[in-house]
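*Asks:* Based on what follows, work out the 3D shape:
(one chain, ligands or ions: 1)
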Amino acid sequence: MNEQQHVGEIRDAVRAICASYGEDYWRELDKTGGYPTEFVKEITKSGFLGCLIPETYGGAGLGLEEACAVLEEISRSGGHPGAAHAQMYVMGSVLRHGTEAQKQHYLPAIASGELRLQSFGVTEPTTGTDTTSLKTSAKRVGDKYLINGQKVWISRVQHSDLMVLLARTKPIEERSSKTDGLSCFIVDLRDAEKRGLTIKPIDAMINHHACELFFDDFEVPAENLLGEEHKGFRVIMDGMNAERILIGAECIGDARYFIDKAVAYANERVVFGRPIGQNQGVSFPIATCYAQTEAAALMVDKAARLFDAGVPCGAEANMAKMLGADASWKAGDTCLQTHGGFGMSREYHIERKLRETRLYQIAPISTNLILSHISEHVLGMPRSF
Ligand SMILES: Cc1cc2nc3c(=O)[nH]c(=O)nc-3n(C[C@H](O)[C@H](O)[C@H](O)COP(=O)(O)OP(=O)(O)OC[C@H]3O[C@@H](n4cnc5c(N)ncnc54)[C@H](O)[C@@H]3O)c2cc1C
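*Replies:* Residues are numbered from 1 along each chain as shown. The predicted structure is shown next:
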């Protein structure tokens, strides 16, 4: 079997699972703020959510290219991979920086679905994108760390057993560089609310289960330090390229979903005695979206291949995320426009998918910050912050 056939088989298998979780399933969850527990169970049991976990730790041992195909197909089916995608890239931090004991302890349980590692705690209300200024502190006391501080927009905390948390272990005045003095921890979220963590769900535009977190002398065993103390930014950074490429793939799935829907409707809806798609004012915007999506998909593929080959791919990962997010946002807007007033009806699912894909202009990194990375690190223009 060649590589394309292999990825094709993965796509078919994911599509078959998604077929049992139609758009009405996702619309109902969106309406009620529910979590897709059954879907996440099935996609985990089938091995797709743990596809990046090596076989030695109970996973499928596949690469990012295959993982991208999984998320793209979930998006393309009308589903919302945001409910589960973090497990793919957060797990990478444990895999690359965890001790052998941590890997043995967590990875097989994550692969089997016994434990969910769906949460990633970085963003803070007062520092936002300026991650290296974050304030949540982790103070070593004997064989544990005491965590104090606040996080915001942390997704899926109430639906996850574990979270990778980034906190400050050295006062900001004592750091030797911007990234020095931050450390990562594997936090057990089970019963955490009885141990000094307050969780407040945020009423948001999309069903992403994002919460505010307040840590009050919250204890984490010292053995849960992930990677070296004070060098946690590196642990997080390593997972970020994977995250951006995977989100890019999700956006390609969204864009293809919107284009499929727009084309079907443009062919079927008759106004003035002819299908609306016969008007080039309707068909050309859809064709433009198609061309832009295919171009963005090439960048996602390129970035995933570089990542899988272990080649530095920061620029490509950022561009994959930005171009994917732009393609899906434009395709969503065009799809809604093609549907006229019906595009606004929840029954057509477009407005929900459009809200969901809008997130990717902002998170996990905003378009401005990607442009800033390209300006400085690729094109050599002056640093702006
Ligand atoms: C639904 C949702 C889920 C999320 N899930 C998680 C999660 O699970 N874990 C987590 O850690 N975080 C999560 N986030 C947070 C997300 O990563 C941040 O919202 C994002 O990184 C932007 O940070 P901010 O909101 O503080 O914006 P800010 O940093 O306040 O920025 C506001 C705006 O100003 C722009 N801006 C800021 N500085 C500059 C500059 N120097 N140059 C140009 N433009 C600039 C930004 O591009 C942005 O548009 C989530 C957010 C949302 C909305």
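*Asks:* for the stretch 101-250 of the chain, what spans make up the strands?
*Replies:* Remark: strands assigned in the stretch 101-250 of the chain by DSSP state E, counting those that start in this stretch are 117-121, 137-141, 144-155, 162-168, 182-188, 197-201, 210-221, 225-226.
*Asks:* which residues are in contact with the third one?
*Replies:* Counting contacts by C-beta atoms under 8 Å, 6 or more residues apart in numbering, the residues outside strand 144-155 that touch it are 82, 86, 118-125, 135-139, 163, 165, 167, 169, 185, 187, 196, 202, 208-222, 225, 363. Using the backbone N, CA and C atoms, a C-beta is placed for each residue, glycine as well.
*Asks:* likewise the fourth one?
*Replies:* Residues outside strand 162-168 that contact it (C-beta under 8 Å, 6+ apart) are 90, 93-94, 106, 110, 115-122, 131, 134-138, 145, 147, 149, 151, 154, 157, 181-189, 220, 226, 232-233, 235-236.
*Asks:* Give me the subset of these that also touch the ligand.
*Replies:* The subset of the contacts of strand 162-168 within reach of the ligand, by C-beta under 6 Å from any ligand atom, is 120, 121, 122, 154.
*Asks:* Return the residues of the stretch 51-200 of the chain in contact with the ligand.
*Replies:* Residues of the stretch 51-200 of the chain lying close to the ligand by C-beta under 6 Å from any ligand atom are 120, 121, 122, 123, 128, 129, 153, 154, 155.
*Asks:* hang on, isn't the second one packed against residue 186?
*Replies:* No. In this structure residue 121 lies outside contact range of residue 186 using C-beta atoms under 8 Å: 11.0 Å.
*Asks:* Give me the more crowded residue out of these two.
*Replies:* Neighbour totals were compared for residue 121 and residue 186, and residue 121 leads with 26 against 22 (other C-beta atoms under 10 Å).
*Asks:* Look at the more buried one and report its pLDDT.
*Replies:* Residue 121 is assigned 97 on the pLDDT scale.
*Asks:* beta partners for it?
*Replies:* residue 165 (DSSP bridges).
*Asks:* quick one, what contacts it?
*Replies:* So residue 121 contacts 151, 154, 157, 163, 164, 165, 166, 187, 213 (C-beta under 8 Å, 6+ apart).
*Asks:* can you do 10 Å?
*Replies:* 134, 136, 147, 151-155, 157, 163-167, 184-185, 187, 189, 211, 213, 215 (C-beta atoms under 10 Å, 6 or more residues apart in numbering).
*Asks:* Over to residue 190?
*Replies:* Per C-beta under 10 Å, 6+ apart, neighbours of residue 190: 115, 160, 161, 162.
*Asks:* For the nearest residue to the second one once chain neighbours are set aside, grab the count of nearby residues.
*Replies:* Distances taken as C-beta to C-beta, 6 or more residues apart in numbering put residue 118 closest to residue 160, at 3.7 Å, once the chain neighbours are dropped. Residues lying near residue 118 (other C-beta under 10 Å) number 27.
*Asks:* my guess is residue 118 contacts residue 210, does it?
*Replies:* No. Using C-beta atoms under 10 Å as the test, residue 118 is too far from residue 210 to be in contact (11.9 Å).
*Asks:* what's the overlap in contacts for those two?
*Replies:* Residues touching both residue 118 and residue 210 by C-beta under 10 Å, 6+ apart: 155, 156, 157.
*Asks:* Show me what from the stretch 201-350 of the chain comes close to the ligand.
*Replies:* Close to the ligand, as judged by C-beta under 6 Å from any ligand atom, the stretch 201-350 of the chain has residues 204, 206, 208, 210.
*Asks:* Spit out the contact partners of the closest residue to residue 97 other than its chain neighbours.
*Replies:* Counting by C-beta to C-beta, 6+ apart, the nearest residue to residue 97 once its immediate chain neighbours are dropped is residue 227, at 3.7 Å. If you count contacts by C-beta under 10 Å, 6+ apart, residue 227 has them with 93-94, 96-99, 102, 183-185, 233-236, 238.
*Asks:* Backbone dihedrals for the residue in the stretch 101-250 of the chain positioned nearest to the ligand, both of them.
*Replies:* Nearest to the ligand in the stretch 101-250 of the chain, going by C-beta to the nearest ligand atom, is residue 128, at a distance of 2.4 Å. When read as degrees, to the nearest 10, the backbone of residue 128 gives phi 50, psi -130.
*Asks:* With residue 229 instead?
*Replies:* In terms of degrees, to the nearest 10, the main-chain angles of residue 229 are phi -60, psi 140.
*Asks:* Show me where the stretch 201-350 of the chain has its helices.
*Replies:* Taking DSSP state H, counting those that start in this stretch as the test, the helices found in the stretch 201-350 of the chain are 232-268, 280-308, 314-338, 350-358.
*Asks:* how about a markdown table for these, with mean neighbour count and mean pLDDT added?
*Replies:* What follows is these, written out as a markdown table (neighbours: other C-beta atoms under 10 Å; pLDDT from 0 to 100):
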| stretch | mean neighbour count | mean pLDDT |
| --- | --- | --- |
| helix 232-268 | 24 | 96 |
| helix 280-308 | 18 | 98 |
| helix 314-338 | 25 | 98 |
| helix 350-358 | 22 | 98 |
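*Asks:* List the residues that contact residue 3.
*Replies:* Each residue near residue 3 by C-beta under 10 Å, 6+ apart is listed here: 63, 65, 66, 305.
*Asks:* Good, wrapping up.
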